[in-house]
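Asker: I would like the atomic coordinates for the input below:
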Amino acid sequence: MKVCLFLMLVALMCGTLISADSTTVKSDTTPRKMHPVDINADYLRSKINSSFSPLSILTADQLAALGSWQVSDAIVQLPSAYIKNYGGLNALKTISLRATTSQQTLVLLDGIRIASSATGTVDLSAVPLVFLMILSSQAEECLRNMGEELWQEL
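Answerer: Here you go, the predicted model:
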């Protein structure tokens with residue numbers, strides 16, 4: 001009985017394998033035309049003006065008045081910014097906003113994300129304060145909580 005059932009199962013399996021035909025997949029060779037994409041700062045300004053989230057601004061004058069040596073010393077002036085210091089002067093320093101982890105905090109430098117690909121965090125001790133002061137003097141301000149919405153929409 002078991003042998004008969006086994007042979008019927010094998011015959012059924014072979015029948016389905018033989019009846020299955022191989023179909024070839026046709027490749028799409030139709031040329032496609034992409035529409036141009038314009039990126040400008042007007043969209044960013046409209047997001048800042050219409051945002052309900054809190055906004056903090058550090059101007060170039062405020063950064064110069066702080067007299068800080070490190071970016072972490074300047075950013076600690078922002079409300080709800082928590083700097084975690086893992087040692088001495090050049091040790092790892094990470095930032096967290098509003099009780100999030102440092103992996104969840106998005107840090108953009110001139111619109112480019114500067115997180116480590118290994119840990120997902122930003123070492124603020126590796127970013128010189130001169131970068132922040134140069135960008136702040138060019139853009140007139142250093143903003144908190146304005147790039148996150150734009151980053152999520154990209």
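
Asker: count of neighbours near the nearest residue to Leu92 once chain neighbours are set aside?
Answerer: Spatial nearest neighbour of Leu92, chain neighbours left out: Tyr86 (4.2 Å); criterion: CB to CB, 6 or more residues apart in numbering. Every C-beta, even on glycine, is put in place using the N, C-alpha and C of the backbone. Tyr86 is flanked by 10 other residues according to other CB atoms under 10 Å.

Asker: For Tyr86, which residues are in contact?
Answerer: Leu92, Lys93, Thr94 (CB atoms under 8 Å, 6 or more residues apart in numbering).

Asker: correct me, but the first one touches Ser116?
Answerer: No. With contact defined as CB atoms under 8 Å, Leu92 does not reach Ser116; the gap is 10.2 Å.

Asker: For stretch 102-111, the averaged confidence score.
Answerer: Here stretch 102-111 scores 79 as its mean pLDDT.

Asker: Name the residues of that stretch that are buried.
Answerer: Ser102, Thr105, Leu106, Val107, Leu108 (16 or more other CB atoms under 10 Å).

Asker: quick one, helices of this protein?
Answerer: 2-19, 41-49, 60-66, 71-75, 129-139, 147-153 (DSSP state H).

Asker: rewinding a little: could you pull out the residues contacting both of Leu92 and Ser116?
Answerer: Joint contacts of Leu92 and Ser116 (CB under 8 Å, 6+ apart) are Asp123.

Asker: Pick out whichever of those two has more residues nearby.
Answerer: Per other CB under 10 Å, whichever of Leu92 and Ser116 has more neighbours is Leu92, with 16 against 11.

Asker: And that one, how close does it get to Lys33?
Answerer: According to CB to CB, to the nearest Å, Leu92 and Lys33 sit 48 Å apart.

Asker: same thing with Gly120?
Answerer: 37 Å.

Asker: quick one, which of the two is more surrounded?
Answerer: The residue with more neighbours, out of Gly120 and Lys33, is Gly120; 12 against 4, by other CB under 10 Å.

Asker: roughly how far apart are the more buried one and Leu58?
Answerer: 24 Å.

Asker: Likewise for Thr101?
Answerer: 23 Å.

Asker: No further queries at this time; thank you.
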